[in-house]
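1. dropping a prediction and its sequence here:
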Amino acid sequence: GPAQAATRPPRDGALRANTALDEAPVLARLAEPDNLAVVRGDLIASSGNALYRLVPGTAPLPLQRFNAPVTALAVSAEGQLAVALETGVLLVDGVAQHLLPEVRAITGLAFAADGALWLTNGSAEHAPSDWATDLMKRRATGSIWVRRAEGQPFHKVAQDLAWPNGLCPRPGGTIAWAIK
């Protein structure tokens, strides 16, 4: 019969486990695959301190290396690439963006249709790699920030969140976010 997901017991009917990822062909192998984005039609992925272009049938092609692990990626409709690093640095097309010291753990980035750049800050106290420490201390110092237009400062729009780690701008100016 069909393969069963290793993490879930077999089920019947509509409750059957989805094995699509388990059965999908491998596109590329990276040591630490994490974030994915599409830039000008190219699929890119972060792995540790680097970005790679993924092309079927070839080895991952190194695009750029950084001085710290990549924690989040986003691409605007115009093709601007936002890259967050473990150190709390945010780059947009290679240019460092000014952030308040409270933004220490960028765990998610997203451009809205209007060009606004949103970010989730997992913790005001711990780096992204220290998420378990933050969780064990039952901290809720995470926040959500937005920069409405290029050149404007980021503004905090939500705070006291327990490790927000991803977001999706929605029509009408609202956002959906995930917590760990």
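-> Alright, I've got the coordinates.

2. which residues touch the residue most central in space within the chain?
-> Centroid-nearest residue in the chain: Ala72, 3.5 Å away (criterion: C-alpha atoms, centre = their mean). Listed by C-beta atoms under 8 Å, 6 or more residues apart in numbering, the contact set of Ala72 reads Asn35, Ala82, Val83, Ala84, Ile106, Thr107, Gly108, Leu109, Leu119, Thr120. For glycine as for every other residue, the C-beta is placed from the backbone atoms N, C-alpha and C.

3. can I get the longest helix along the chain as CSV, trimmed to CA atoms?
-> Longest helix in the chain, counting residues (DSSP state H): helix 131-136. C-alpha atoms of helix 131-136 as CSV (Å, rounded to 0.1, in the frame of the first residue of the first chain):
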residue,chain,number,x,y,z
TRP,A,131,14.3,29.8,21.6
ALA,A,132,14.2,26.8,24.0
THR,A,133,15.7,28.9,26.8
ASP,A,134,13.0,31.6,26.2
LEU,A,135,10.3,28.9,26.2
MET,A,136,11.6,27.2,29.4
